[in-house]
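Asks: Curious how this folds, go ahead:
(one chain, ligands or ions: 3)
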Amino acid sequence: MKAAVAHSFGAPLSIEEIAKPSIDAHQVLVKIHACGVCHTDLHACHGDWPVKPKLPLTPGHEGVGEIVELGSAVSHLKLGDRVGIPWLYSACGHCEYCLDGKETLCMEQQNSGYSVDGGFAEYCAAHGDYVVKIPEGLSYPDAAPLFCAGVTTYKALKVSETKPGQWMAVFGVGGLGHLAVQYAVAMGMRVVAVDTGEAKRELAQQLGAEHFFDFKTDDVVNAIKKVSGGVHGSVCTAVSKAGFRQSYDVVRRGGKCVLVGLPPEDMPLPIFDTVLNGVSVVGSIVGTRKDLEECLEFAARGKVKAIITEKGLDDINDIFADMEKGEITGRIVMNMPK
Ligand code: NAD
Ligand code: ZN
Ligand code: ZN
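Replies: Ligands and ions are numbered 1, 2, ... in the order given. The predicted structure is shown next:
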């Protein structure tokens, strides 16, 4: 089968023929129809983070398609089911986190397109218990970005505990951020968004942000405080330390700053202000299978729609180059060969 494979960190991916995966009793084989490209795939291929992915690696954790083979122990799925394979490839199912509805914190978890091969390929083996069904009426390319960008931002907004009518600041209007704006609006929040350039401004406003500020030309922190009086919650998807600090500085007293982006950097915080202002700073990592079902349901009901550009597997190195420059509007989804 055809796949995009990383052999060493920082080198271009190679498009090559590799063996179609075989499955064990608990797995399913998915014929991939489409797979979104997340900035995490780029971090993986660059070896950016302290925990490194496997090599050689087939990246991709927004792979969606149909089940073409079923393991003998998989009884709740059938051939032809339309499913997606998220970042949480599998978890142990019995640790304190798995039992407590926090499976994304499981220490035994495997991650698609990181510790195991993912969706940048014609076929992908997946754990039967951790694939999530795609609701009827949602096409493969439209569903793909929801399996990471969608569920991650939906969950981060829940973690922020921001209520309808309250202010939410979304930092970064990229693949994740453009969905964060939509979920926040759908959840009744008032949204201010931050990124740079006219294309991102237009996109954010078209998706329902009341204000947009440009991190290259605006005094972002004061501008946001002026329009909102300080936000109740912020979600930072920017791949920049400066954006993280601003997402902290704009939160009003008692508010919550949710960290989502993963630049490989530290974020110094002022102890005095954090204590006196009673501000929470919290990390949020993807979402559970239940979060994913909920986030897909928003899209199935037409409340949220990923803005996508469809490309092919052969385009992956150009897609990564554009992503590094911040030049992508919405999400790129690669359609797999038929
Ligand atoms: P993306 O490249 O599509 O979008 C990033 C956006 O941030 C771009 O539009 C860029 O212009 C903008 N940006 C850069 N500097 C900024 C600043 N100072 N202020 C505001 N915006 C700024 O990337 P993506 O796919 O949306 O991923 C974003 C980050 O989230 C990556 O680091 C990725 O690894 C991480 N991520 C985290 C999780 C999680 O579970 N926590 C899940 C998926 C992705
Ligand atoms: Zn992702
Ligand atoms: Zn576990």
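Asks: ok, so what distance separates the residue of the stretch 151-300 of the chain found nearest ligand 1 from residue 23?
Replies: Per C-beta to the nearest ligand atom, residue 174 is where the stretch 151-300 of the chain lies closest to ligand 1, at 1.8 Å. All C-beta spots, glycine's among them, are computed from the backbone N, C-alpha and C. From residue 174 over to residue 23 the distance is 34 Å, taken as C-beta to C-beta, to the nearest Å.
Asks: Among these two, which residue is more densely surrounded?
Replies: A side-by-side neighbour count of residue 174 and residue 23, using other C-beta atoms under 10 Å, places residue 174 first with 24 against 19.
Asks: Which of the residues in stretch 130-140 are classified as buried?
Replies: Judged by neighbour count using 16 or more other C-beta atoms under 10 Å, the buried positions of stretch 130-140 are 130-132, 134, 138, 140.
Asks: mind putting those in TSV, distance to ligand 3 and pLDDT included?
Replies: Formatted as TSV, the buried residues of stretch 130-140 follow (distance: C-beta to the ion, whole Å; pLDDT from 0 to 100):
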residue	distance to ligand 3	pLDDT
130	12	98
131	17	98
132	17	98
134	25	98
138	29	98
140	30	98
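Asks: mind listing which of these are in strands?
Replies: Counting by DSSP state E, the buried residues of stretch 130-140 place residue 132 in strands.
Asks: on that earlier part again, can you name the residues that contact the residue of the stretch 151-300 of the chain closest to ligand 1?
Replies: Residues in contact with residue 174 (C-beta atoms under 8 Å, 6 or more residues apart in numbering) are 39, 195, 237, 326, 328.
Asks: do the same with residue 194
Replies: 169-173, 212-215, 220, 224, 238, 243, 246.
Asks: Could you list the contact residues of this protein toward ligand 3?
Replies: 91-92, 95, 98, 106 (C-beta under 5 Å from the ion).
Asks: just curious, which of these is nearest to residue 333?
Replies: Proximity of those to residue 333, judged by C-beta to C-beta, is greatest for residue 91, which lies at 26.1 Å.
Asks: Pull the contacting residues for the closest residue to the closest one other than its chain neighbours.
Replies: Excluding the flanking residues, the one nearest residue 91 by C-beta to C-beta, 6 or more residues apart in numbering is residue 106, at 3.7 Å. Contact partners of residue 106, counting by C-beta under 8 Å, 6+ apart, are 91-92, 95, 97-98.
Asks: cool, and residue 105?
Replies: For residue 105, the contact set (C-beta under 8 Å, 6+ apart) comprises 97, 285.
Asks: Distance check, it against residue 88.
Replies: According to C-beta to C-beta, residue 105 stands 10 Å off from residue 88.
Asks: List of residues touching the helix or strand residue 310 falls within?
Replies: Per DSSP states H and E: residue 310 is located in strand 308-312. Outside strand 308-312, the residues within contact range by C-beta under 8 Å, 6+ apart are 34, 36, 141-142, 144-145, 319, 328-335, 337.
Asks: Buried residues in that strand, which are they?
Replies: For strand 308-312, the neighbour count (16+ other C-beta under 10 Å) marks residue 308 as buried.
Asks: I'd like the mean pLDDT over that strand, please.
Replies: Averaging pLDDT along strand 308-312 yields 98.
Asks: what do you get for stretch 269-279?
Replies: 97.
Asks: List the buried residues for that stretch?
Replies: residue 279.
Asks: export that stretch as CSV, just CAs?
Replies: What follows is stretch 269-279, C-alpha atoms only, in CSV (Å, rounded to 0.1, in the frame of the first residue of the first chain):
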residue,chain,number,x,y,z
LEU,A,269,4.2,32.7,35.1
PRO,A,270,4.0,35.6,37.7
ILE,A,271,3.2,34.0,41.0
PHE,A,272,1.9,37.2,42.6
ASP,A,273,-0.7,38.0,39.9
THR,A,274,-1.7,34.4,39.6
VAL,A,275,-2.4,34.1,43.3
LEU,A,276,-4.1,37.5,43.8
ASN,A,277,-6.2,37.2,40.6
GLY,A,278,-7.2,33.6,41.4
VAL,A,279,-6.4,32.7,37.8
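Asks: Appreciated, that's everything.
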